[in-house]
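>>> Build the 3D model from these lines:
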Amino acid sequence: MSEPTAQDQAAENEGGAAAAAFRPAAVAPVSLETLGGWIGVVVPGASAAVDVTGISLNSRTVLPGDLYVALPGATRHGADFVAQAVEAGAAAVLTDDAGARLLALSNDIAVPVLVTAEPRTLVGRLSALIYRSRPERGTGHGTDSHGTDSHGTGEGTANPAPALYGVTGTNGKTTTTYFTNALLRALGRRPGLIGTIEILAGGEPIPSLLTTPESTDVHALLALMRERGLDAASMEVSSHAIAFHRVDGVDFDVAGFTNLTQDHLDLHGTMEEYFQTKARLFTPELARAAVVTVDDEWGRRLAGLAAGTGLPVTTLATAGTEPDTSGNDAGPDADWTVTGTTPRGLGTDFVLRHRNGSVLTVHTGLPGGFNVANAALATVMVLAGGATVEEVQAALDAADPFTVAVPGRMQLVATEPAAVVDFAHNPDALERALAAVRSPEPGSKVIIVFGATGQRDQGKRPAMGAIAARLADVVIVSDDDPHDEDAAGIRADVLAGAHAAVRDEALASTVLEVFPRDEAIRKAAELAAPHDTILVAGRGHEVWQEVKGVNLALDDRVELRTALTARGFTVLDDQRIES
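Presented below is the predicted three-dimensional model:
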């Protein structure tokens, strides 16, 4: 992927200002000769002395001194935008053979052009080299392989590179990164964050457009965190990021795995390919240690593969956080095991027990067994990063870090009726969310509003409809983000699964089709009694709905609050994330 990406489009009208938000204030120049030598390209004559102070894949976000990397895109080649990049101040260009041919047909380029067969595979390491964002193995976190500090001054006043915690898996990445940050903060650390909702780098939050930004931005952000004195960071790592080399050169101190269920098969094709892509994170090339949840066969396979590469692996079993249907009541054997789960309010108290006898008592204020699993994973990742059991227990007791509000992740809007907004957008997440919000009060109903995203894995749509029909009393199928796909056709796929489940399994649930989405949310509020539960699923924290290339303002939380207020129900104060 290259020009234009989703992030490129968002930056189109902001250009350098958008790029500068991701970058450190000072970067020591790296000569083009050094960069050329690293990628095996000879830089002749005076070009060898050209200094590079940044790197960009997007001509709109080029800053003076950048190496502009021109890659093939879906419809255009980045070489088509070299003139704009040079005008913005690009000091040099890196491209492939196709890009070089395009440049040969254009006017003379006033900056050096380096050509290599697969520049995409080099971008991450080049970014790390230019921004000095991560320490080389064996150098610790104080300095990098160049002997310079994070500002590139060489004055020996380096801030340590932040300890980096990466989380991957189908579900739970966002909440686990926020939990990890909250626990690190409780331990006295200054953490940053790179994820789906926002980017936190010690200043104002930066809205996030990709689960994992491009590698050029990732390394710039890590250098920015280091410059600002942040000493830790959590990052969501999507399968797209791994497949498209966005985390190359990042070198995670700890990589964590949540779970693997059906999603993103539009990219990967099969679950096996999806798994193999995730597994690439759990190798010595990208991580120094791993924590793997081994509740299912995917996790157990991953733990074995990772250990086989020589990576230190800690295993975690969260059996008992959800009803066990495997017949294995004891759960899988693991280094750390969740036991003794006890409801407390909307959340859960639980015990984390190590095979050596060490014990931690933990609480999460967020509902659902999956949030027990997320809290457990965050805890064990922080332990794997060097914290002691005693330090972690003291932080858990003093700060209750896992009651942090995570926007759009089981976010409570009201209590009578219980009204929850969640990002669940695949079968496993939807099933877990519905199970989590079911009230034990006799006669209470669960009303769900959801849809499916356009131009994504179509196979999960009927499965999600069937799950909703089985676990909810009223199913309201509406629109998610149709993108360029026909919204009615998407709804029809979801409805087909719901109606089939009602018919074939003799279910008593009511299935409705209501659109647009704000009308569906109002319908849910109209049908709800004080003891019922409304779950609005699929979009979570998102505030725009994309329809035929147009972004329409739509925030499920705002719509749900408005609809409940119109009915005379009391809503909770808008919760901001603790960050």
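
>>> ok, and the helix or strand in the protein with the lowest average confidence?
Least confident helix or strand of the chain, by mean pLDDT, DSSP states H and E, is helix 6-11 with a mean of 41.

>>> so where do the helices sit in the stretch 351-500 of the chain?
With DSSP state H, counting those that start in this stretch, the ranges of helices along the stretch 351-500 of the chain come out as 369-384, 389-399, 427-437, 460-471, 487-504.

>>> Kindly report the same for the stretch 101-250 of the chain.
Under DSSP H, counting those that start in this stretch, the stretch 101-250 of the chain gives helices at 123-131, 173-186, 215-227, 239-243.

>>> which one is residue 315 nearest to, not counting chain neighbours?
Leaving out its chain neighbours, the residue that sits closest to residue 315 by C-beta to C-beta, 6 or more residues apart in numbering is residue 334, at 4.1 Å. The way it works is simple: take the backbone N, C-alpha and C, and place the C-beta from them, glycine included.

>>> Test my guess that the one you found contacts residue 316.
Yes: contact criterion C-beta atoms under 8 Å: residue 334 and residue 316 qualify, at 5.7 Å.

>>> sec struct for residue 535, please.
strand (DSSP: H, G, I helix; E, B strand; the rest coil).

>>> Can you pull out the low-pLDDT segments for this structure?
Low-confidence segments of the chain (pLDDT under 70): 1-19, 107, 136-158, 211, 262-269, 320-332, 574-579.

>>> how many neighbours does residue 542 have?
19 (other C-beta atoms under 10 Å).

>>> Run through the residues that contact the closest residue to residue 434 other than its chain neighbours.
Excluding the flanking residues, the one nearest residue 434 by C-beta to C-beta, 6+ apart is residue 471, at 3.9 Å. The neighbours of residue 471, taking C-beta atoms under 8 Å, 6 or more residues apart in numbering as the test, are 431, 434, 435, 438, 446.

>>> How about residue 523?
Per C-beta under 8 Å, 6+ apart, neighbours of residue 523: 449, 476, 512, 514.

>>> Could you pull up the residues touching residue 415?
570, 572.

>>> again with the one 5 residues further on
For residue 420, the contacting residues are 367, 410, 411, 412, 413, 433, 437, 533, 534, 535, 536, taking C-beta under 8 Å, 6+ apart as the criterion.

>>> Of those, just say which sits nearest to residue 111.
Using C-beta to C-beta, residue 411 is the member of the contacts of residue 420 that lies nearest residue 111, at 48.3 Å.

>>> Please give me every residue in contact with the closest one.
Here residue 411 is in contact with 405, 420, 421, 422, 540, 557, 575 (criterion: C-beta under 8 Å, 6+ apart).

>>> The first one - how many residues pack around it?
Okay, so that is residue 405. 17.

>>> Residue 364 versus that one, what's the distance?
12 Å (C-beta to C-beta, to the nearest Å).

>>> The fifth one now?
Note on residue 540: its distance to residue 364, by C-beta to C-beta, is 18 Å.

>>> Using JSON lines, lay out the helices of the stretch 101-250 of the chain together with mean neighbour count and distance to residue 97.
Listed next are the helices of the stretch 101-250 of the chain as JSON lines, based on neighbours: other C-beta atoms under 10 Å; distance: least, C-beta to C-beta, whole Å:
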{"stretch": "helix 123-131", "mean neighbour count": "25", "distance to residue 97": "17"}
{"stretch": "helix 173-186", "mean neighbour count": "26", "distance to residue 97": "37"}
{"stretch": "helix 215-227", "mean neighbour count": "27", "distance to residue 97": "21"}
{"stretch": "helix 239-243", "mean neighbour count": "21", "distance to residue 97": "22"}
